[in-house]
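> What follows is a predicted structure for the sequence shown.
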Amino acid sequence: MFKQLDGKTLVSGQITADDLSNAKAQGVTLVVNNRPDAEDPGQPTSDEIEAAAHAAGMDYCHIPIVRGMGPSDVELMRGAMARAGDGKLLAFCRSGMRSTLAWAVASREEGVPRDQLEKGAAAAGFSLAAVDHLL
């Protein structure tokens, strides 16, 4: 279910509280939610995922990306990546695409080579074409 983007970053579509034990077992220390609440009917709320992440011993960050990614979203994602420290970060959204794009732009701003980002995204089944101009 989780797809590896790089050595420290996993991405996923919508997760539930039940998925967090698997994330913890894979070394995840920080869960990043890139979905706004109530985007889809029946979707777990940010508060529910946050409580489950904390109960599983992981940190949590909510960076809802709505109507495209802005500079503040990228800055918050960069901060989350730094906050993960030596642990892994699991970012999720509806399909994993928004989370992958946020990871790519934030990583590029940290100096990660573009070709490395493209390879990581492609290996996970995602294209970075939507943010090509930001890379």
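Now that the structure is in, tell me what you want to look at. Numbering: from 1, shown residues only.

> Three-state assignment for R98, please.
Using DSSP: H, G, I helix; E, B strand; the rest coil, the three-state assignment for R98 comes out as helix.

> Just want the phi and psi numbers for the residue lying farthest from the centre of the chain.
In the chain, P41 marks the outermost C-alpha relative to the chain mean, sitting 21.0 Å out by CA atoms, centre = their mean. With angles defined as degrees, to the nearest 10, P41 shows backbone torsions of phi -60, psi 140.

> can you tell me how far it sits from E75?
Applying CB to CB, to the nearest Å, one obtains 31 Å for the distance of P41 from E75. For the C-beta atoms, the positions are set from N, CA and C on the backbone; glycine is no exception.

> Flag the shaky bits of this protein, pLDDT-wise.
Across the chain, not a single residue meets the criterion (pLDDT under 70).

> where do the helices sit along it?
Using DSSP state H, the helices found in the chain span residues 20-25, 46-55, 71-83, 97-109, 114-123.

> Looking at these, which is nearest to I63?
Shortest distance between I63 and the helices of the chain, using CB to CB, is found for helix 71-83: 4.6 Å.

> which residues are in contact with that closest one?
Under the contact criterion CB atoms under 8 Å, 6 or more residues apart in numbering, helix 71-83 has outside partners 8-9, 30, 32, 59, 61, 63, 65, 89, 91, 102-103, 105-107, 109-110.

> redo that, cut-off 10 Å
Contacts of helix 71-83 from elsewhere in the structure, counted by CB atoms under 10 Å, 6 or more residues apart in numbering, are 6, 8-9, 29-32, 34, 59-66, 69-70, 89, 91, 98-99, 101-110, 131, 134.

> what's the burial count for the nearest residue to P44 once chain neighbours are set aside?
Nearest residue to P44, sequence neighbours excluded (CB to CB, 6 or more residues apart in numbering): T16, at 5.8 Å. Burial of T16, expressed as a neighbour count using other CB atoms under 10 Å, amounts to 11.

> was I right about T16 contacting A52?
Yes: checked against CB atoms under 10 Å, the pair T16 and A52 is within contact range at 8.0 Å.
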